[in-house]
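Novice: Sequence and computational prediction follow.
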Amino acid sequence: MHDEINLSYIGLTELEIRVMKSIFTLAPQLNENYRLITPDRLDEADLVLVNADDPESLGKWGEVSRNNRISTSLMLTDQANLADGDVRIQRPIRVQKLIAALEEIVMQETTSFELSDDEQTAEMRILVVDDSYSVRKYMEHKLNELAPCPIAINFAASGEEAIGMAERGSYDLIFLDVMMEGLDGYKTCKTIKANGIAYIVMLTSKKSPFDKVRGTMSGCDAYVTKPPGDERLAEELRKCLSHRPDLAGRVRQAEAR
């Protein structure tokens with residue numbers, strides 16, 4: 001079972017806060033996957049619902065997004081349109097509006113594989129496959145922090161998604177969870193390895209020698225247990241780069257850190 005996604009909020013009115021609490025109490029679709037937490041716990045949030053019509057709330061969100069691992073927001077507004085790229089909920093808050101917006105964000109996080117202009121300049125393309133939203137966001141933060149060269153990161157929440165994305169795009173490095181609904185990491189690894197040459201790191205909480213042997217038999221290049229430390233993640237980035245002669249200089253720079 002995947003982890004719950006923590007949703008907090010900034011700048012909501014007292015009525016809107018009561019509505020949100022009622023929605024989470026009454027909507028089983030949300031309770032299965034999300035947990036509503038108060039603004040004093042923003043450092044634990046994965047998503048934030050922001051009052052987009054209040055400059056003070058937008059300022060607070062800007063501060064939080066700069067100084068925290070949170071990078072994803074829902075914009076609550078009376079306006080008909082916001083800037084492209086924003087996921088919005090138009091007032092008043094309703095159950096289906098909230099569910100649709102949350103689904104849109106998760107879909108964006110897990111299925112995007114088209115390269116933007118910035119991604120086309122990346123020297124390493126990475127795919128993170130994990131059914132936990134919080135793990136995906138943690139890996140995004142850590143990989144951007146530790147990478148010794150420009151990288152582009154995409155995400156998948158299942159083995160099936162990962163296989164489809166690997167078929168449509170060429171990845172240098174894949175971090176692959178083991179325990180997922182549908183195809184597990186072992187079968188996913190075998191399929192991807194049969195169709196390509198990506199460097200695959202199993203990233204899992206399963207620590208027994210038997211599990212590590214299964215990982216090796218599935219074709220993975222490394223087996224890392226959760227939570228991965230900075231040194232181990234940096235090591236796997238360097239190993240992946242060592243398979244790229246065109247980036248040998250980057251490897252030497254990374255090892256010299």
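Specialist: Looks like it arrived, so ask away.
Novice: Only C-alpha atoms from now on, for both contacts and neighbour counts.
Specialist: Noted.
Novice: what about the residue nearest to the spatial centre of the chain, which SS state?
Specialist: In the chain, the residue lying closest to the centroid (CA atoms, centre = their mean) is Arg136, at 2.9 Å. Here Arg136 is helix, with the state taken from DSSP: H, G, I helix; E, B strand; the rest coil.
Novice: Report the contact partners of it.
Specialist: Taking CA atoms under 8 Å, 6 or more residues apart in numbering as the criterion, Arg136 is in contact with Val128, Val129, Asp130, Phe155.
Novice: Among these, which lie within strands?
Specialist: Mapping those onto strands (DSSP state E) picks out Val128, Val129, Phe155.
Novice: Can you tell me which one of the residues you listed carries the smallest pLDDT value?
Specialist: Across the set of the ones in strands among the contacts of Arg136, Phe155 stands lowest in pLDDT, at 91.
Novice: my read: it touches Arg125, true?
Specialist: No: between Phe155 and Arg125 there is no contact under CA atoms under 8 Å: 11.1 Å.
Novice: and the gap between Ile23 and Lys97?
Specialist: Plainly put, Ile23 is 11 Å away from Lys97 if you go by CA to CA, to the nearest Å.
Novice: more crowded one of the two?
Specialist: The residue with more neighbours, out of Ile23 and Lys97 and counting by other CA atoms under 10 Å, is Ile23; that gives 20 against 15.
Novice: which ones are touching that one?
Specialist: Applying CA under 8 Å, 6+ apart, one finds that Ile23 lies in contact with Arg94, Val95.
Novice: what two of the contacts of Arg136 are the furthest from one another?
Specialist: Asp130 and Phe155 (7.9 Å; CA to CA).
Novice: Residues touching stretch 223-231, excluding its own?
Specialist: Counting by CA under 8 Å, 6+ apart, residues outside stretch 223-231 touching it are 142, 146, 201-207, 212, 215-216, 232.
Novice: Helices of the stretch 151-257 of the chain, start to end?
Specialist: Listed in chain order, the helices found in the stretch 151-257 of the chain under DSSP state H, counting those that start in this stretch are 159-168, 185-195, 209-218, 230-242, 248-255.
Novice: how about low-confidence regions in this structure?
Specialist: Confidence mapping of the chain against pLDDT under 70 gives the ranges 1-4, 29, 67-71, 80-86, 106-120, 244-257.
Novice: Domains in it, by residue range?
Specialist: Under the assignment named as automatic domain parsing, the residue ranges that make up the domains of the chain are 5-109, 112-255.
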